[in-house]
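A.B. asks: Let's see this in three dimensions:
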Amino acid sequence: QTCTDPKTRPSFLADKSMEPAIKYINKKFPRNQSRRLTQCECCCDHVYELLNTIDACQCFFDISINFDFTKNYLDLIITYTSVIIMLSRIDDKKALVGMFNCAHEMTNGSSDPSYPRLGQMFVEYEHTWKKLTEEFGPHTRSVTSALLSLRMVYPRRNLPAEQWRSAQLLSLLSAPAAMLDPACCNTMACEYLSMEVMERWIIIGFLLCHSSVNTNQASQELWKMALRSGLYLTLTRDEVLNIHKVTEDLFDSIKGYNKRIADIKECREHVIVNCGAMHRERRQFLRGALKELFNVLEDEPGLLGPKALFVFMALSFSRDEVLWLCQKEGKPTMFFITESISYPPSCPLQNMYVCPEEESVLMSSFVSTLSALSIKQVENKEEFDLRALRLDWMRLQAYTSVNKAPLPIKDYIDLPKVMNLIQFHTRMVDSLDELLFETSELSILSFYPRVFEKMFSQSSEEMTMKRYLMAFPSVCSQFSQCGHPLCPEEVSAMEKRSLRLCVTFLEQIAKQTSTVVLEICAEQCNLNDQLQPKHCAEAISAARHRKQKKQVPKKGEVLKEKPGAESLRKDRSVVTNVDKMHLMLTELCSCYSLCTDFIVFDHIVVPTEFLISHLETIIVRMANYNQTTQEIARPTDLLAGLRAYTASVHSLSSYINVDVTRLVKNVLLQQTQPLDSRGVQTITTLYTNWFLESLLRQASNALILHCPTMHCFVNQATENDPNFRAEEFSDVSELQALAELIGPYGLKFLSENLMWHITSQVSELKKLVIENMDILVQMKNNFDKPEEMANLKKRLTGGENVLKRMTIIGVILSFRAMAQDCLKQVLLKHCPYLMGPLECLRDFIAPEDDIKVNVFELASAAGLACNIDPALVTAISSMQTDNTSVDEEYKLSCLLLVFIAVSLPTLALDPNSFYSREHGHNNNVHCLAVAINQVAAAMFTVQAKNIEQHLKEFLLMASNALLQLGQNTERMDLKNRESVYLLLHMIVEESPFLSQDMLESCFPYVLLRNAYREVYKSFVITLG
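C.D. replies: All right, here's what the predicted structure looks like:
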């Protein structure tokens, strides 16, 4: 595989500059060889020697009697043959060996001494099967006798599903009276012997010793039965043997095998026509039989001891079917096992009167070892190690299977019966993992990833198979068995492949489960939405007219069902969509009960963590945020969905051992941060971006108005339909829902982003002040001289820009104040005893003492309003640079207030400055009141100046500027003068540092009264 895979193929084999050298080496081969490959040559010698010794001893082979001896003999032959075949499939073997020998010669000055012999071996095995058949010709008798011992075992295993079903194979309920009787037979190990192994023995064995097939009728029948089982045979991993083609090619080159070639073609046609259906029926039978066996053993675990053989048979049968598909494309009760081992073997062993010395020693060892076992050892939880006993039994089989043995095993049939039973039970005691691995190991699936993924895909689509999906990732834990100590370089690639498959399966299972939870949540949200007040208008209308004659519904009109109608059922057999989803959730959650964790290449995998990670992302998906269209779910809808989601997730605890409370808390806490644990944007970030980019951006352009009366934002009446209704996202209920969702941490992040936009506007304002600094200084010094102020104002530039940017700041601060107030209401509901002390601390410390005290930041984080906003103070203080001194900053702050004050009269020229009782000013200039007070307080706090004194100066200059509007007789140009007058009153009302007395001292109250009368007289007030 290393040489055939482009990813792992040695680079020098594909190097253009090496091609002439490689061609030369191949041409002159054999002349170079490697020490490492010499092991193959030594292995051949040892195999030949052992096979010759076995033939010379004329050993007796019978799988039902000397199982271990026969099995190891056949495994030796098949392993040797597979190695030779695999070696012949390496196209570059001559080049690799020759290049190594060249390097050896260049380094040591001489060729590798083993090279000529190994090179000759490569040449001899150019025709692999021909050479192998020649080598195994002398061993035909021994191989045939070993294979023919399978005549009673293999046909019994290779039965169609109908015969399995009629015999009630693997059923514990077929004979209730014998349910507690131990399941045992004379050929215990043969019952769970893999059919794939037997087929490999038969087909390759008779290929090597083909004369037996042509002359022996029993061999021919067994051979044909194996040929009818499939098209391919596994050599190792994903290397397979096309059995019909290879056999036909071999027999075609030998005279007298025409009938066998016809048999091969007939068997191949039989496989193509019948094999798929036969194996499909077997799999269908095994699904039902395994389900019954599992349910019985789950209900009565004590039956695992006496019926352990059934378990291993079921595992072996199932494994055979899985392996066939690949080629095509609890612990037992120790008390019972110990008791079964303790006393039965004593009779046959002690009744053997004539026994040679070596055999006698082994027999005595068996009796003493087994007699020493007791129930107390199990009760004391002692560790058992009976490998020595099984090894001695293997030795005894070898001693007694040779010709003319003093104690021939074939003459004492009771001995192997008892010892095979002992061997099975001892393996159940001390090597249960090995036995499970032998009967259920599926690591070969690592080399068939596409087949494996296809199996998973098919199983995940079938409802009844969803509860078994966890078997797929758990099988990946066996893939570490695929490696070999002689090939450490492939472990890394196998680890990556195994982890990729495991993670893919777990992600798919978790995705399916979370999708079902999300669908249930959506259904619950729909039911919850039907109970919302917005849907009650029709019910109220019907109640008002219920005394009227009921109108006959129009033809085809569907009457709207009341909420709760879905719970009324006349027939329980009618399955609703919610029933189907809960059934699917039950099936998917059942698969998580298979195991809490497993290990894949030293990685501990916890399946429920994958599910939790998917459940964590559901909240963000519920927000339905579309960055392209700037659409997002309303906070109230998301909160209702979140509550339904939480209720749905809590139902998971009925199926899976998951700490749902911890999950929900972790998820909600992560959603209060900008990014979650995986670096994905949270609902805090999504809503922050949406409010900044959609709502506040349009509010900055006066397309959306801030409505102080209703404490929300509303859409401006325009010709174009708005993308969303602002009040549906910014009223009190929505912002309270937002505070519930993202909490104080999330609102702090929102505030930080709002402050960034404010500081960017303040930076631009400072630039405008610097451009007009000289004029503003003169205006500050001459504000009480109308003629000079008029001349200076004409030279002033950017006044409208200043007011526009201050309005933007005011809109942002107004939105923040609304969000903070909603947060306060939420926290008062959740932790009223915490909010009281915070309010006392805020009121106890005077703002002018030290605004940097954490008390104000704490109060602001809890939603409490402060006279001086600590977040704004922090943002403005961060704008200070080394290039500007404190005095210069102070001067800019003072001149900014002058700039704003002298620019206020220009608002009267704007037709959108008209004040409405419902919506305030149509260009949001009423937000200037918040902006002026908050920005001034923050700037002068940073500069440690008196806030009240500077705001008084601002009020005086603004009043003076607005009083000049009254001197203008062209009323048509100043039709919004009264609306602008009201702005001065709003500034004073909004400020904790100004009072009405201060306002009346510089601006006549009669003007404010007349302004309110003028503004309000256009509205008709209706009472009642």
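A.B. asks: just for the stretch 451-600 of the chain, where's the confidence low?
C.D. replies: Regions of the stretch 451-600 of the chain meeting the criterion pLDDT under 70 cover residues 486, 546-560.
A.B. asks: Neighbours of Ala542, how many?
C.D. replies: The number of residues packed near Ala542 is 11, by other C-beta atoms under 10 Å. Where you see a C-beta, it was placed from the backbone N, CA and C, and this is true even at glycine.
A.B. asks: looking at this, it is in a helix?
C.D. replies: Yes. Going by DSSP: H, G, I helix; E, B strand; the rest coil, the assignment for Ala542 places it inside a helix.
A.B. asks: Can you show me the strands along this protein?
C.D. replies: Along the chain, counting by DSSP state E, strands occupy 232-236, 239-242, 598-600, 603-605, 704-707, 712-715, 915-916, 920-921.
A.B. asks: and the last one, what does it pack onto?
C.D. replies: Contact analysis of strand 920-921 by 3 or more C-beta pairs under 8 Å, 6 or more residues apart in numbering; DSSP states H and E lists strand 704-707 as its packing neighbours.
A.B. asks: With distance to Asp55 and mean neighbour count added, can I get the strands of the chain in a markdown table?
C.D. replies: Listed next are the strands of the chain as a markdown table, based on distance: least, C-beta to C-beta, whole Å; neighbours: other C-beta atoms under 10 Å:
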| stretch | distance to Asp55 | mean neighbour count |
| --- | --- | --- |
| strand 232-236 | 25 | 18 |
| strand 239-242 | 26 | 16 |
| strand 598-600 | 46 | 17 |
| strand 603-605 | 49 | 14 |
| strand 704-707 | 98 | 25 |
| strand 712-715 | 98 | 21 |
| strand 915-916 | 112 | 20 |
| strand 920-921 | 109 | 25 |
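A.B. asks: I'd like the ones you listed written out as a markdown table, with distance to Val83 added.
C.D. replies: Formatted as a markdown table, the entries for the strands of the chain read as follows, by distance: least, C-beta to C-beta, whole Å:
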| stretch | distance to Val83 |
| --- | --- |
| strand 232-236 | 9 |
| strand 239-242 | 11 |
| strand 598-600 | 29 |
| strand 603-605 | 32 |
| strand 704-707 | 80 |
| strand 712-715 | 80 |
| strand 915-916 | 94 |
| strand 920-921 | 90 |
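A.B. asks: Between these, which one is closest to Glu358.
C.D. replies: strand 232-236 (37.1 Å; C-beta to C-beta).
A.B. asks: Could you name the helices and strands sitting against that closest one?
C.D. replies: Contacting strand 232-236 under the criterion 3+ C-beta pairs under 8 Å, 6+ apart are the following elements: helix 67-88, helix 195-208, strand 239-242, helix 308-328.
A.B. asks: With respect to burial, which of those scores highest?
C.D. replies: Stretch with highest mean neighbour count among the helices and strands packed on strand 232-236: helix 195-208 (a mean of 23; mean count of other C-beta atoms under 10 Å).
A.B. asks: Show me what that helix is packed up against.
C.D. replies: Partner elements for helix 195-208 (3+ C-beta pairs under 8 Å, 6+ apart): helix 67-88, helix 128-136, helix 140-148, helix 154-157, helix 217-227, strand 232-236, helix 243-252, helix 308-328.
A.B. asks: Ala565 is nearest to which of the strands of the chain?
C.D. replies: Smallest distance to Ala565 across the strands of the chain (C-beta to C-beta): 34.6 Å, for strand 712-715.
A.B. asks: State the pLDDT value of Glu764.
C.D. replies: If you check Glu764, the pLDDT there is 92.
A.B. asks: quick one: it from Gly798, how far?
C.D. replies: Spatial separation of Glu764 from Gly798 under the definition C-beta to C-beta, to the nearest Å is 10 Å.
A.B. asks: And Trp393, by the same measure?
C.D. replies: In this structure, Trp393 and Gly798 are separated by 103 Å, where distance is defined by C-beta to C-beta.
A.B. asks: which of these two has more neighbours?
C.D. replies: Higher neighbour count among Trp393 and Gly798: Trp393, with 23 against 18, using other C-beta under 10 Å.
A.B. asks: Confirm for me that the more buried one is in contact with Gln423.
C.D. replies: Yes. Applying C-beta atoms under 8 Å as the test, Trp393 and Gln423 come out as touching, 6.1 Å apart.
A.B. asks: which residues do these two both contact?
C.D. replies: For the pair Trp393 and Gln423, residues contacting each of them under the criterion C-beta atoms under 8 Å, 6 or more residues apart in numbering are Asp68.
A.B. asks: Pretty sure Val517 sits against Tyr645.
C.D. replies: Yes. In this structure, Val517 is within contact of Tyr645 by C-beta under 8 Å, at 7.5 Å.
A.B. asks: joint contacts of these two?
C.D. replies: Contact criterion C-beta under 8 Å, 6+ apart; residues bridging Val517 and Tyr645 by contacting each: Ile618.
A.B. asks: roughly how far apart are the residue most central in space within the chain and Ser613?
C.D. replies: Centroid check for the chain by C-alpha atoms, centre = their mean gives Glu507 as the closest residue, at 3.5 Å. For Glu507, the distance to Ser613 under the criterion C-beta to C-beta works out to 9 Å.
A.B. asks: For stretch 517-526, C-alpha coordinates in PDB please.
C.D. replies: Coordinates of each C-alpha in stretch 517-526 appear next as PDB, following Å, rounded to 0.1, in the frame of the first residue of the first chain:
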ATOM      1  CA  VAL A 517     -34.600  19.200  19.400                       C
ATOM      2  CA  LEU A 518     -34.700  22.400  17.400                       C
ATOM      3  CA  GLU A 519     -37.800  21.200  15.500                       C
ATOM      4  CA  ILE A 520     -39.500  20.400  18.800                       C
ATOM      5  CA  CYS A 521     -38.500  23.700  20.100                       C
ATOM      6  CA  ALA A 522     -39.900  25.400  17.000                       C
ATOM      7  CA  GLU A 523     -43.200  23.600  17.400                       C
ATOM      8  CA  GLN A 524     -43.300  24.600  21.100                       C
ATOM      9  CA  CYS A 525     -42.600  28.200  20.000                       C
ATOM     10  CA  ASN A 526     -45.500  28.100  17.600                       C
END
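A.B. asks: domains for this structure, by residue range?
C.D. replies: 61-90+127-328, 357-441, 452-482+490-532+578-672, 744-814+830-1018 (the TED database).
A.B. asks: Please read off the pLDDT at Asn351 from the model.
C.D. replies: The predicted local confidence for Asn351 is 46.
A.B. asks: again with the one 4 residues further on
C.D. replies: Turning to Cys355, the model gives it a pLDDT of 59.
A.B. asks: His127: neighbouring residues, count only.
C.D. replies: Other residues near His127 come to 13 when the count uses other C-beta under 10 Å.
A.B. asks: isn't Thr439 right next to Leu309, touching?
C.D. replies: No. Using C-beta under 8 Å, Thr439 is not in contact with Leu309, being 10.7 Å away.
A.B. asks: anything in contact with each of those two?
C.D. replies: Tyr192.
A.B. asks: what residue ranges in the stretch 651-800 of the chain are flagged as low confidence?
C.D. replies: Under the criterion pLDDT under 70, no range of the stretch 651-800 of the chain is flagged.
A.B. asks: now the helices for it?
C.D. replies: For the stretch 651-800 of the chain, the helices identified by DSSP state H, counting those that start in this stretch occupy 660-671, 683-690, 697-700, 727-730, 732-771, 773-781, 786-795, 799-830, in order along the chain.
A.B. asks: Any chance of JSON lines for those, columns distance to Ala314 and mean neighbour count?
C.D. replies: Compiled in JSON lines, those are given as follows (distance: least, C-beta to C-beta, whole Å; neighbours: other C-beta under 10 Å):
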{"stretch": "helix 660-671", "distance to Ala314": "36", "mean neighbour count": "16"}
{"stretch": "helix 683-690", "distance to Ala314": "50", "mean neighbour count": "22"}
{"stretch": "helix 697-700", "distance to Ala314": "67", "mean neighbour count": "20"}
{"stretch": "helix 727-730", "distance to Ala314": "61", "mean neighbour count": "20"}
{"stretch": "helix 732-771", "distance to Ala314": "52", "mean neighbour count": "19"}
{"stretch": "helix 773-781", "distance to Ala314": "92", "mean neighbour count": "17"}
{"stretch": "helix 786-795", "distance to Ala314": "98", "mean neighbour count": "14"}
{"stretch": "helix 799-830", "distance to Ala314": "56", "mean neighbour count": "21"}
